[in-house]
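Participant: Give the three-dimensional model of this entry:
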Amino acid sequence: MGTLSNRAKERLKLLAGLLRAKGQKFTMPRDQFYDEVQALVKALPQQRQLELKDLVDWLEDYQEAERSLQPESPSSSGRRAPKAKPLPPKL
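Facilitator: Next comes the predicted model:
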């Protein structure tokens, strides 16, 4: 069905998760996953497609908000992480 952007792939993974929660099984080979998920959704009634799109939109927004609230990692700030202290000897 063509080349998909990384965002499109992530959205299809979220969509597949929602469908799995309702009992849908995905047994296709990995290289067919995105095409099969798209075909499955296209076969659904339009109202259900819209409901799923709204849920995926919400999940995507939620994940973005969650990422923005997480503290900056040491590697992204240019600082080195502190060295881990050795564990005490076992008695």
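Participant: which residues are in contact with the helix or strand where Leu40 lies?
Facilitator: Following DSSP states H and E, one finds Leu40 within helix 33-42. For helix 33-42, the external contacting residues (Cβ atoms under 8 Å, 6 or more residues apart in numbering) are 1, 4, 8-9, 12, 15-16, 19, 24, 26, 28, 49, 52. C-beta here means a position set from N, CA and C on the backbone, and glycine is covered the same way.
Participant: Any buried residues in it, and which?
Facilitator: Neighbour counts over helix 33-42 (16 or more other Cβ atoms under 10 Å) mark Tyr34, Glu36, Val37, Gln38, Val41 as buried.
Participant: Who are the packing partners of the lengthiest helix in the chain?
Facilitator: Secondary structure of the chain per DSSP state H: the longest helix is helix 46-69. Counting by 3 or more Cβ pairs under 8 Å, 6 or more residues apart in numbering; DSSP states H and E, the packing neighbours recorded for helix 46-69 are helix 6-21, helix 33-42.
Participant: contacts for stretch 50-62?
Facilitator: Against stretch 50-62 from outside (Cβ under 8 Å, 6+ apart): Glu10, Arg11, Leu14, Leu15, Leu18, Leu19, Val41, Leu44.
Participant: Could you measure from Gln49 over to Lys42?
Facilitator: The spacing between Gln49 and Lys42, counted by Cβ to Cβ, to the nearest Å, is 8 Å.
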